[in-house]
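Asks: requesting a structural model of the entry that follows:
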Amino acid sequence: MKGGWLTILAIIAAFSSQAQGIAPTEPAPPRTLRRFPSGGGSGRFSSDTIQFKQLFPENPESGKLSQWLRSTLTRRRNAASERELMRRENEYYDRFEGRTIGNIHIFRNNVFDGEGKLRWPERVANATHVVTKEKPIRRDLLFESGDTINSMLMMSNRRLIRSRNYIADVNILIVPQEIDSTIVDVYVITRDKWSISADASFGGDGKSFIELYDNNIFGWGNKLSITTSFDWKHRFDYGGNGFEYEIPNIAGSFFSGRLVARKHFDISEYGMEINKEFIRPTDYAVGLSILRKRERIHMYAQDTTIKTTWQAIDFWGGRSLYIPAWKSSLYFSGRVSYLDYLERPPVSKYLNPYFHNETLLLTEIGIYKERFRTTNRIYGYGINEYVAHGYKLGLNTGYSWGEFGNRWYLGLNVAGGTFTRLGYFGGSIGLGSYLNHHDGKFYRSALVSEFRYFSNLQGERRYPVRQFVTIGITRGWNRLEGYQEVIGFTDDMQLRALNRRVFGQNRLLMNTETVVFTPWHIYEFRFALFGFLDMGLIGNYGNFFKNDFYSTIGLGVRIKNEHLIFNTISIRLGVALGKNGLVESQYFRIDNSELMALMRFIPQKPIVIPYQ
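Replies: Residues are numbered from 1 along each chain as shown. Purely as a prediction, here's the structure:
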């Protein structure tokens with residue numbers, strides 16, 4: 001387990017210390033305007049009084065088991081009413097489209113806000129937390145006084161501020177001025193997360209580390225991480241230190257920066273990264289990274305772990321242009337990367353191409369559209385979640401100068417997502433291949449696709465249910481030999497609870513999960529129950545159904561406090577089955593892994609379709 005129990009210990013330790021937070025410095029507006037609803041969660045406001053209401057109020061009645069089963073499994077929520085509420089929130093800014101922005105007010109709230117009803121751990125947490133300063137929030141605004149209201153930009157700005165890992169929730173409210181209603185004042189209201197945390201890993205060979213970090217150091221919005229390594233089996237021998245500093249928005253330029261210097265016994269990482277993503281429909285993007293890294297890589301097909309050392313320089317840039325008639329943006333991007341391995345396994349023209357030295361030029365041209373809808377209780381536990389809907393179509397071309405010869409690259413990627421009466425449907429397809437420079441044949445070809453679905457919330461009482469389905473299809477042609485020339489059930493494409501090493505060139509996977517969001521909470525730690533059924537086919541046959549079949553089934557609980565930066569704690573029981581019955585299983589697992597990210601359709605730097 002990595003960091004699970006340490007998360008709990010860090011919470012207890014934080015509650016035992018004392019410090020003073022920073023209060024907002026501007027004159028306070030009416031209480032209903034400047035604060036979130038007590039007890040956390042997302043807020044909803046009416047268009048006239050601009051007072052908050054709970055987005056999804058809980059029913060105070062507590063049903064018996066039979067009532068719960070009947071309400072969650074046989075009765076649907078009022079889907080039409082919920083869609084109307086969502087429509088009103090997502091179209092709120094349309095009412096002010098084109099009006100001129102007057103004053104912009106920033107109001108920052110501490111981690112917990114209970115109007116004097118806080119319990120002692122919440123009071124101590126507030127006291128030990130430095131509230132985010134006004135300057136980093138103001139730097140994240142995509143508008144300024146004198147601009148006109150753009151509803152699409154306002155929604156994007158809410159999502160941008162909420163994406164900061166030190167912000168729990170945000171609202172941007174618009175109030176027409178009394179003298180001239182064509183001029184509006186904007187109120188940006190934020191609530192912080194408690195930003196100090198810790199992580200640890202204790203290896204079976206004794207090599208371990210402890211990490212302390214603050215995602216909002218001194219309220220500046222920057223992350224500082226310090227790591228120390230030791231060997232607990234050999235008199236706690238010293239193994240090195242680590243330093244990492246991240247700035248999410250450098251001087252309001254929307255460039256993010258990262259510096260890292262880390263050594264953990266025989267592995268290390270040194271370098272810097274700077275990056276700016278596409279934010280507006282007409283925008284530019286640019287990125288640069290310079291890294292040197294020594295790492296361990298598990299070659300699962302050979303069931304062995306190797307050490308590699310590499311250095312890389314990677315530069316990319318792009319430009320997008322919004323086409324009003326299409327309500328979409330055209331984009332173009334290009335990338336140049338240099339990769340040099342100093343330590344690696346044996347390589348040849350047909351062996352371990354993953355470890356070949358190369359200089360790569362990639363370009364991408366395409367069209368995209370991305371909008372957001374506000375909802376909750378998808379991967380979060382009551383906070384606002386901004387779900388992207390739209391599409392992206394991109395065409396890649398490239399050329400590689402490699403140590404064993406040069407080659408062309410061609411790729412196509414398509415992605416899309418939309419809300420329907422049944423829920424959200426989204427998916428992506430990537431197809432790419434190298435083209436031999438001499439004989440014109442395609443090789444190392446890969447098709448990687450993923451389709452996601454999540455249902456509307458079901459059930460009318462205190463235990464709403466949501467269903468999730470993910471289908472992944474990966475297929476390879478004319479692959480070579482070595483690392484990542486075959487695939488297994490790994491990373492994001494895994495069968496939970498399977499503990500058998502299996503691999504092949506083609507894989508079909510379906511993950512299904514039913515999540516019950518409970519009203520249970522202890523000091524704002526909220527609980528969600530889940531059950532899962534995963535099924536997969538893997539092997540070298542082009543016909544997926546001729547390959548080996550595996551399935552897993554299990555249940556568990558997830559624990560999350562949206563006021564804190566700790567990852568979700570997951571406790572899971574499961575069992576794995578093959579064609580002939582029970583196979584090697586991971587019966588029990590506890591971890592604090594990050595939740596799955598929501599789909600995005602904004603262009604990123606051009607890449608070779610990853611076969612993994």
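Asks: can you get me a residue count around E269?
Replies: E269 sits with 16 neighbouring residues when counted by other CB atoms under 10 Å. Just so you know, the C-beta spots here come from the backbone N, C-alpha and C atoms, and that holds for glycine as well.
Asks: now what about stretch 144-154, what contacts it?
Replies: 91, 93-94, 96-104, 142-143, 172, 174, 184, 280-281, 371 (CB atoms under 8 Å, 6 or more residues apart in numbering).
Asks: buried among these? Make that a ChimeraX selection.
Replies: The ChimeraX selection below is limited to those of the contacts of stretch 144-154 classed as buried (16 or more other CB atoms under 10 Å):
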select :93,96,99,101,102,104,143,172,174,184,281,371
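Asks: can you tell me which of the contacts of stretch 144-154 are in strands?
Replies: Those of these mapping onto strands are T100, I101, G102, N103, I104, I172, I174, V184, R371, per DSSP state E.
Asks: quick one, phi psi at F544?
Replies: Dihedral pair for F544: phi -50, psi -30, per degrees, to the nearest 10.
Asks: which residues of this structure score low on pLDDT?
Replies: 1-90, 114-116, 460, 491, 594-595 (pLDDT under 70).
Asks: who are the packing partners of the lengthiest strand in it?
Replies: As assigned by DSSP E, the longest strand anywhere in the chain is strand 304-323. Counting contacts by 3 or more CB pairs under 8 Å, 6 or more residues apart in numbering; DSSP states H and E, strand 304-323 is packed against strand 283-299, strand 328-343.
Asks: and it, which strands flank it?
Replies: Applying DSSP bridges, strand 304-323 is found paired with strand 283-299 (antiparallel), strand 328-343 (antiparallel).
Asks: and of those, who's closest to L495?
Replies: Of all these, strand 283-299 sits nearest to L495, with 17.4 Å by CB to CB.
Asks: ok, and for that closest one, which residues are buried?
Replies: D283, A285, V286, G287, S289, K293, R294, I297.
Asks: and the residues you listed as CSV, adding distance to L160?
Replies: Shown next, in CSV, are these (distance: CB to CB, whole Å):
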residue, distance to L160
D283, 12
A285, 14
V286, 18
G287, 17
S289, 22
K293, 30
R294, 35
I297, 35
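Asks: what is the nearest of these to K605?
Replies: Among the buried residues of strand 283-299, and counting by CB to CB, the member closest to K605 is G287, at 6.0 Å.
Asks: for that closest one, name its beta-bridge partners.
Replies: N275, W316.
Asks: mind listing the strands for the stretch 501-612 of the chain?
Replies: 503-504, 506-522, 525-539, 548-560, 569-578, 581-582, 588-591 (DSSP state E, counting those that start in this stretch).
Asks: tell me, how many residues neighbour Y238?
Replies: 10.
Asks: which ones are touching it?
Replies: Y238 touches S229, F230, counting by CB under 8 Å, 6+ apart.
Asks: so which strand or helix has it?
Replies: Secondary structure from DSSP states H and E places Y238 in strand 237-247.
Asks: what comes into contact with whatever helix or strand comes next after that strand?
Replies: Downstream of strand 237-247, the next assigned helix or strand under DSSP H and E is strand 256-264. The contact list for strand 256-264 (CB under 8 Å, 6+ apart) reads 207, 209, 227, 229, 239-250, 268-276.
Asks: burial measure for the residue lying closest to E562 once chain neighbours are set aside, as a count.
Replies: Spatial nearest neighbour of E562, excluding adjacent residues (CB to CB, 6 or more residues apart in numbering): I383 at 4.9 Å. Using other CB under 10 Å, I383 has 21 other residues around it.
Asks: returning to that earlier point: in a markdown table: the strands paired with strand 304-323, plus distance to Y213.
Replies: As requested, the strands paired with strand 304-323 are arranged in a markdown table below (distance: least, CB to CB, whole Å):
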| stretch | distance to Y213 |
| --- | --- |
| strand 283-299 | 20 |
| strand 328-343 | 29 |
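Asks: which one of those strands lies closest to S156?
Replies: Short answer: strand 283-299, nearest of the strands paired with strand 304-323 by CB to CB, at 10.7 Å.
Asks: angle of the closest one against strand 256-264?
Replies: Orientation of strand 283-299 against strand 256-264 (axes from the mean of the first three to the mean of the last three CA atoms, to 10 degrees) gives an angle of 20 degrees.
Asks: pull the distance from strand 283-299 to the chain's centre.
Replies: Centroid separation between strand 283-299 and its chain, computed with CA atoms, centre = their mean, to the nearest Å, is 18 Å.
Asks: could I have it exported to CSV, CA atoms only?
Replies: Below are the C-alpha coordinates for strand 283-299, written out as CSV (Å, rounded to 0.1, in the frame of the first residue of the first chain):
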residue,chain,number,x,y,z
ASP,A,283,-5.5,30.6,-29.0
TYR,A,284,-1.9,29.3,-29.1
ALA,A,285,-0.2,26.5,-27.2
VAL,A,286,3.5,25.8,-26.6
GLY,A,287,5.6,23.5,-24.5
LEU,A,288,9.2,22.7,-23.8
SER,A,289,10.7,20.0,-21.6
ILE,A,290,14.4,19.0,-20.8
LEU,A,291,14.7,15.9,-18.7
ARG,A,292,17.3,13.3,-17.7
LYS,A,293,15.9,10.3,-16.0
ARG,A,294,17.1,6.9,-14.6
GLU,A,295,14.2,4.6,-13.9
ARG,A,296,13.2,1.0,-13.5
ILE,A,297,10.9,-0.5,-16.2
HIS,A,298,9.1,-3.8,-15.7
MET,A,299,9.1,-5.8,-19.0
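Asks: looking at the strands of the stretch 501-612 of the chain, which is closest to G472?
Replies: Nearest of these (CB to CB): strand 506-522, 4.4 Å.
Asks: can you give me the angle the closest one makes with strand 525-539?
Replies: 170 degrees.
Asks: so which bits of the host helix or strand of T418 are buried?
Replies: Using DSSP H and E, T418 sits in strand 405-420. Buried residues in strand 405-420, defined by neighbour count with 16+ other CB under 10 Å: R407, Y409, G411, N413, V414, A415, G416, G417, F419.
Asks: just checking, the first one touches S400?
Replies: Pointing back at R407 there. Yes. Counting by CB atoms under 8 Å, S400 is a contact partner of R407 at 5.1 Å.
Asks: need the residues touching each of those two.
Replies: Y434.
Asks: mind listing the strands the helix or strand hosting I210 pairs with, and their directions?
Replies: Using DSSP H and E, I210 falls within strand 207-214. According to DSSP bridges, strand 207-214 forms sheet pairs with strand 196-202 (antiparallel), strand 223-231 (antiparallel).
Asks: strand 237-247 and that one, what's the angle between them?
Replies: 30 degrees.
Asks: what's the spacing between G556 and W194?
Replies: To W194, G556 is 25 Å away according to CB to CB, to the nearest Å.
Asks: more neighbours, these two?
Replies: Counted by other CB under 10 Å, G556 and W194 do not tie: W194 has more neighbours, with 24 against 19.
Asks: the more buried one against E524, yeah?
Replies: No. If you go by CB under 8 Å, W194 and E524 don't touch, sitting 10.1 Å apart.
Asks: count of neighbours near R235?
Replies: So R235, with other CB under 10 Å, has 8 neighbours.
Asks: output the helix or strand following the strand holding T418 as CSV, nothing but the C-alphas.
Replies: Moving toward the C-terminus from strand 405-420, the next helix or strand (DSSP H and E) is strand 423-436. Output of strand 423-436 as CSV, limited to C-alpha atoms (Å, rounded to 0.1, in the frame of the first residue of the first chain):
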residue,chain,number,x,y,z
GLY,A,423,-26.7,9.5,-19.9
TYR,A,424,-23.3,10.4,-21.3
PHE,A,425,-21.7,8.6,-24.2
GLY,A,426,-18.1,9.3,-25.2
GLY,A,427,-15.3,7.7,-27.1
SER,A,428,-12.0,8.0,-28.9
ILE,A,429,-10.3,6.1,-31.7
GLY,A,430,-6.6,6.3,-32.6
LEU,A,431,-5.0,4.6,-35.6
GLY,A,432,-1.3,5.0,-36.4
SER,A,433,1.5,3.3,-38.2
TYR,A,434,5.1,3.7,-39.2
LEU,A,435,5.9,3.4,-42.9
ASN,A,436,9.2,1.8,-44.0
